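Visitor: This is a predicted model, with the sequence first.
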Amino acid sequence: QVQLVESGGGLVQPGGSLRLSCAAPGIIMDYYAIGWFRLVPGKGPEGVSCISVDGRSTTYADSVKGRFTISRDNAKNTVYLQMNSLKPEDTAVYYCNVNIGSLGYWGQGTQVTVSS
């Protein structure tokens, strides 16, 4: 059974930082690229970042470039999203995603709220 578990969200002031984690107890993450998405009520999902299997290739949405960093620790079976210089517009529920074959899997999400 594929299960993704996000954590690390919370309330932070503008300019602050958070580190999100995505753990996958049911799979060996080494074999898969992992993505982070976010969802704001009333808006469509936005792809935030993605990391390749070996971690050497990463992509970022223009809105987060230079502020967010995705990384992975395959020994811990975990992918991270370091978020710095957070802005109110980063407020969203953040999800990690893995595609295995023709199926996509998502966690339950973690809420990030950026507000003073």
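Guide: Cool, got the structure. Small disclaimer: the values here were computed from a predicted structure and weren't measured.
Visitor: For the spatially most central residue of the chain, which non-adjacent residue is closest in space?
Guide: Nearest to the mean C-alpha position of the chain, by Cα atoms, centre = their mean, lies residue 36 at 3.3 Å. Sequence neighbours aside, residue 48 is the residue nearest to residue 36 in space, at 4.4 Å (criterion: Cβ to Cβ, 6 or more residues apart in numbering). Quick note: C-beta positions are derived from backbone N, CA and C, even for glycine.
Visitor: That neighbour and residue 35, how far apart?
Guide: 8 Å (Cβ to Cβ, to the nearest Å).
Visitor: neighbour-wise, which of the two wins?
Guide: With neighbours defined as other Cβ atoms under 10 Å, residue 48 and residue 35 compare such that residue 48 has more, 24 against 21.
Visitor: can you pull the contacts of the residue nearest to residue 36?
Guide: 35, 36, 37, 38, 60, 61, 64, 68, 81, 94 (Cβ atoms under 8 Å, 6 or more residues apart in numbering).
Visitor: Only the buried subset of those, as a PyMOL command please.
Guide: Entered in PyMOL, the line below selects the buried ones among the contacts of residue 48, by 16 or more other Cβ atoms under 10 Å:
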select buried, resi 35+36+37+38+60+64+68+81+94
